[in-house]
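Asker: Take a look and give me a structure for this.
(chains A, B and C)
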Amino acid sequence: MSFFLETLIGGLMSGMLYSLVALGFVLIYKASGVFNFAQGAMVLFAALSMARFSEWIPLWLGMDNLFMANLLAIAVSAVVMFAVAWLIERLVLRHLVNQEGATLLMATLGIGYFLDGIGQTIFGSDIYKIDVGMPKEPVMMLESVFDGGILINKEDFVAAFIAAMLVLALTIFFQKTATGRALRAVADDHQAAQSIGIPLGRIWVIVWCVAGITALVAGIIWGSKLGAQFSLATVALRAFPVVILGGLTSVPGAILGGLIIGVGEKLSEVYLGPYVGGGIEIWFAYMLALVFLLFRPQGLFGEKIIDRV
Amino acid sequence: MSDWTYPERITFHDAIATMEVDFSGLTFADEAAVDAFYDHVGTRLTETGRRWFFLVIYTDCVVAPEVWRRFAERGKDTNIAHSLGSVRVDATAQTREAIRESAGKESFRSNIYNTRDQALLALGEMRKRQRETHSTAEETFLRVENVSLRFGGVKAITGVSFEIKRGEISSIIGPNGAGKSSMLNVINGVYHPQEGTITFLGNVRRQMRPHDAALQGIARTFQNIALFKGMSVLDNIMTGRNLKMKANILQQAVWLGPAQREELEHRLKVEEIIDFLEIQHIRKTPVGRLPYGLQKRVDLARALAMEPQLLLLDEPMAGMNVEEKQDMCRFILDLNDQFGTTVLLIEHDMGVVMDLSDFVVVLDHGEKIAEGTADEVRADPVVISAYLGASH
Amino acid sequence: MFYRENGQFKTTYQSDQQIFAIPQDRWAILAIIAFAFIGIPLLVDEYLFRAILIPFLILSLAALGVNILVGYCGQITLGAGASMAVGAYAAYNFLIRINGMPALAAILLGGLVAAVAGIVFGAPSLRVRGLYLAVATLAAQFFWDWAFLRIKWFTNNASSGSVSIADINLLGWTISSPTDKYLFCLGILVVFSLAAKNLVRGSIGRQWMAIRDMDVAATVIGIRPMYAKLSAFAVSSFYIGVAGALWGFVHLGSWEPAAFSIDRSFQLLFMVIIGGMGAIAGSFFGAAFIVILPIFLNQMLALVGGWFGVEVSIALVSHVEIMVFGALIVFFLIVEPHGIARLWSTGREKLRLWPFPH
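Answerer: Just a heads-up that it's a prediction; the model follows:
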C-alpha cells in the first residue's frame, strides 16, 4: 500500500510538471489556433539560458551570492524568452495568418529546430546544472499511518507548489485583468476581437511571452531535477497526450490531464511494465489519450465541435 | 354581433370532405370576437375528429385592421390542426388589402375566388391531388411523417409531415430559422430525427447515413456552396459518378483496362451534364477560382451527375443576380422536364418559388403551417402572417 | 515559346485524360526517366549514389506515401517513421523466417503488413481529426519504436535491436554495387509513382480529395468516409512500408529502431509540405530539398569557417545545421506555403502563355 501511494504521489508530481508544459500549449492554442510544437524547444532554450547565465553572471560581476546570481539569471532568461516570443510573432506568425493547420504546425516544428540549434550554439550542448536551492533530500511521511511510511522527494513538493502558484497566477491574470479579458476574447473569435479593436499582433506576443514564462518555470524545475540538457526538448512530446486528454482549449483540462497522465504513466510502468519488457510509459500515455479520444473526441473539457451544413 | 349564431354559419359537406364557414356580413371589431368565433370553430372541428377542406365565405365580412394579426394567428392554428387545404370566396376590399399588405409587395397573390362555384371547382382540383397522393401508398415517392428534430434543447423541427410526388417541383418556404435546411438534412440522412419516419420509394426509415440516401438516389446542393475547392470542375462533377464506378483499387493503380474504360464511360455522361449546364469553358478550371454563380452551377452539376431520383436544392438562387437567377430557373425547369428528376427546393425568392413550384410546404418555427399549390399558399392568411410576424 | 500548343487538338476524351496531356511534357518526362536510367549511372560516382541519390529515391517513395495521406486525403500523420519501421522489420522477418523468400516479395509483403498496421492506427481518423488525429499517429510511432526495441522476436533476438541483411538478389541479379542499388530503387520508384498518379487521377483519388476538401459534402454524394480514409491510410502506409524496407535492405544494410524515429516522421512531413501537398511531383521536390539541404549546409559551414580561419567543430556544425534547417523551413512556409510544386506549376503556366502575360 505504501509502495502504491509512493508511486501515485510520484506520478502526481511528474504530472504537475507535464501540466506546466501542457499549459504552454493550451495558452498558445487558445489565443492563436497554433499548436506549438516548439514548446519543448522553448523549455530547453529557457533551461539552457538559465543554467548558463547563472554560471556566467557571477563571473562577469565578480560576485559570490548564489541567490542574487539566480535571481539575475531568471530575470535575464525571462527577457530572453520575451525576445524570443516577440521575434516569433514578428518574423513568423505575422506572415502565416490564415494558413492551414498543418502549415502552422510545421512552422512551429521549424521554430523548434531553430531554437534547439541556436540554443545549443549559443549556450553549448553539455549537461548543465541548475541550482536554485531546491531541497534534494527525501522525507518520510505518514509514518504513523503506514508501517515504514512513504518516501517522498522534497524537491517534488516544492516543484508542485511552484507549478500550482504559476497556475493560480495565470488564472488571476486571465480572469481579472483587461489583457486577460482581451486574450479570452481573441480565443473565442479572432475576427470579432479584431473588430472591437483588440490588436491581434500584440495579444499574440503577450501569449507567447506567457508561454515563454511557463517554459522558463518548467525549464528551471526540470533542469534542476535532470540538468539542462537536450532531452528536455522531448518533454513537448510527453505533454502532447496531456493536452489531448484535457482538451486543447482548456486550462483546467491541461492540469487534470497532466495529473492523469503522470499517474497513469507511473502506475503502468511499475505494475504493467515488468510483464512486457518495460519502457512502456511514453506510448502508454498516448494510448491512454487515444482510447479516451475515441469516446470523447473533444477531450475532458474541450468544446464540442458541431458540424453545420 | 349578436344577430347570428355560430351553428348556422358552419356546415359540413361530408361528400366532398369540406367544411364551409360563412363569414357573410360579419364584423370582427375586437380580439374577443375573433377568439369567440375561432373557439367555436375549434370545438366543432374537434368533434368531427378528422381533417377537412375549408371553404370560407368572406362576402361583406369586415376584419378590423387592428385585430388582423389575431385573426391570422387563430387561422394558422386551425389550419395546422384540421386543414387539408383552403379556398376563400369574395373577400372584401379591406380583407384583401390586409392580405396584400401583410404579404409584402411581391410574394403573394390572394387566393380568393369571386363566386362560390369557382371556389368549389378549385376545391375539386385540390381534392383530386390530395386523393392521388394518398391513394397510392405503395407508390409513395417521398413521405415525411411526423418528423421531429432537436439539437440538445433546441427544437429545429416539430412534428412535420408532408408528401412529395414523383416528377414535381416542390418547395419548402418559411422565414429564417424555420427549419428548412434541417428538413433537407433529415431527408438525405445528414441529421437524424428523434421522431418520425421518412418513406422514400417504399423504404421506410427514421435514421440513415448520407451514403445510403445517396445510394437510394437522393442528391443535393448546398446553401453555402460545398464544392471540393482543391479540384477542377471536371473532377468535382466526376465525384458525383463515384457510386456508379466499380473498378477496384488495384485496377485503378494499373489504369489501363477496366479503370480506364470506366473512366471514359463516365466522362461521357459527365460531359452531357457539362453541356446541359453550359459550363464547357470552365471544365478544367479549379473551382476555387470561379465566380459565385458558376460555383452554384457546378454544385448542381455534381448533384446531377448522380442521376438522382430526388434532387434537393438548398437555396439554389441565393446571392445571384437577376440573369443568374433566370439561368438557374431555366436549368431547374429543364432538368425536371428532360430527366424527369423530382425536385425539392428551398428558396427565399418568392417570385422564383411561385413560378417554379407545383407544390409548396410552409414551415415556421419548425412546424408546418400550410401546404398546397403556390396560389393556395400565397393566399393563406396563416402564411402571410407568419412572414409578416417574422419580418423583424 | 517553350510550349507552342497551337495545332495540337484532342479529339478523344482518352487523349484528354493522359497524365501529361501536353506532348512537350510527355517527351520531357520520358527523357528525364531515360537519363535517370542510362545517363546517371555513367556519370555519377559512388559517393553521390550513397549519400544523395539512393536516399533521395527511397525517401521520395516514402514522401509519396505521406503525400497520399496528408496531401490528397487531408489526414495528418506524425507516424510515417513507424510505418517505415513496420515495413522494414516485417520484410526482414519474412526474409529470414521463410526459406527461399525472394527479397522483392519480402519487401512488398513488408509494405502490406505496414498497410494493415496503418489501417489499425488510422481507424481513429473516423472519429477525430486534425491535431487529435496527430496523437493517434504519434501513438503508433511511439508504440512501434518501443515494440521493435523491446520485443525480441521482431529482431530475431538480436540483443541491441539491430538487424542486418546480406545483399539482396532479384532473379539472379545480385544488388550490391551502389549503381545496382540505385537502379533497383529507381525501378521501384518509377512503377510506384505511376501507380500513385493513376490512383489520384481515378475514382479513389477523387474520393480522397473530396474527403479532404469537404467531408460532409462528400458523404452526401455517397462517398463512405470509412472506406476513403482507411484506403488512404492503407495505400499510404503500403508505400511508406515499402520505402522503409528499401531503406533497411538497400540503403542501410543493417539498422536499429532509431533509424525510423519520430525525427524521420517529421522529416517526411516536411518533405511533403515543402514539396507541395496534393502534388505527386511535390514529393520528389521535397525529398530532394530535404536530402540535399543538410549536406549542402554541412559543406557550406566548413567552407565559411575556412574563410574566417575558424576551426568549426563538428558539434557546432550540427547545431548550426539544424538551426539553419529550421529557419529555412519557416522561411519557405512563409514564402510559398503551397510548396515547390506550386512554384513549378505557376512557372509552367507562365511558360505556356509566354511571351504574353495572360
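Asker: Which pLDDT does the model give the residue in the stretch 1-150 of chain C positioned nearest to chain B?
Answerer: For the stretch 1-150 of chain C, the residue closest to chain B is residue C:13, as judged by C-beta to the nearest C-beta, at 4.8 Å. All C-beta atoms are positioned from the backbone trio N, CA, C, and that covers glycine. Note for residue C:13: predicted pLDDT of 74.
Asker: Now do the SS call for the nearest residue to it once chain neighbours are set aside.
Answerer: Nearest residue to residue C:13, sequence neighbours excluded (C-beta to C-beta, 6 or more residues apart in numbering or on different chains): residue B:267, at 4.8 Å. At residue B:267, secondary structure determined by DSSP: H, G, I helix; E, B strand; the rest coil is helix.
Asker: burial measure for residue B:267, as a count.
Answerer: Using other C-beta atoms under 10 Å in any protein chain shown, residue B:267 has 19 neighbouring residues.
Asker: List the residues that contact it.
Answerer: Contact partners of residue B:267, counting by C-beta atoms under 8 Å, 6 or more residues apart in numbering or on different chains, are B:238, C:13, C:17.
Asker: which one of the residues you listed has the most neighbours?
Answerer: residue B:238 (24 neighbours).
Asker: residue contacts, that one?
Answerer: By C-beta under 8 Å, 6+ apart, the neighbours of residue B:238 are B:266-267, B:270, B:305, C:203, C:206.
Asker: what about the stretch 201-350 of chain B, any weak spots by pLDDT?
Answerer: Applying pLDDT under 70 to the stretch 201-350 of chain B flags no residue at all.
Asker: which one is the residue of it found nearest chain C nearest to, not counting chain neighbours?
Answerer: Using C-beta to the nearest C-beta, residue B:214 is the residue of the stretch 201-350 of chain B that sits closest to chain C, at 3.0 Å. Distance criterion C-beta to C-beta, 6+ apart; nearest residue to residue B:214, sequence neighbours excluded, is residue C:222 at 3.0 Å.
Asker: how deep is residue 252 tucked in, by neighbour count?
Answerer: Using chain A here. Burial of residue A:252 is recorded as 15 neighbouring residues (other C-beta under 10 Å).
Asker: not what I meant, chain C
Answerer: 17.
Asker: Over to residue C:257?
Answerer: Neighbour tally, residue C:257, other C-beta under 10 Å: 24.
Asker: need the contact list for the spatially closest residue to it that is not a sequence neighbour.
Answerer: Sequence neighbours aside, residue C:148 is the residue nearest to residue C:257 in space, at 4.2 Å (criterion: C-beta to C-beta, 6+ apart). For residue C:148, the contacting residues are C:85, C:89, C:154-155, C:161, C:257, by C-beta under 8 Å, 6+ apart.
Asker: Would you double-check that residue C:148 falls in a helix?
Answerer: Yes - assessed by three-state DSSP, residue C:148 belongs to a helix.
Asker: gap between it and residue C:142?
Answerer: 11 Å (C-beta to C-beta, to the nearest Å).
Asker: Which neighbours do those two have in common?
Answerer: Shared contacts of residue C:148 and residue C:142, defined by C-beta under 8 Å, 6+ apart, are absent.
Asker: thought residue B:112 was touching residue B:379?
Answerer: Yes - assessed by C-beta atoms under 8 Å, residue B:112 is found in contact with residue B:379 at 6.1 Å.
Asker: Which of the two has more residues huddled nearby?
Answerer: Taking neighbours as other C-beta under 10 Å, residue B:112 and residue B:379 compare with residue B:379 leading, 25 against 19.
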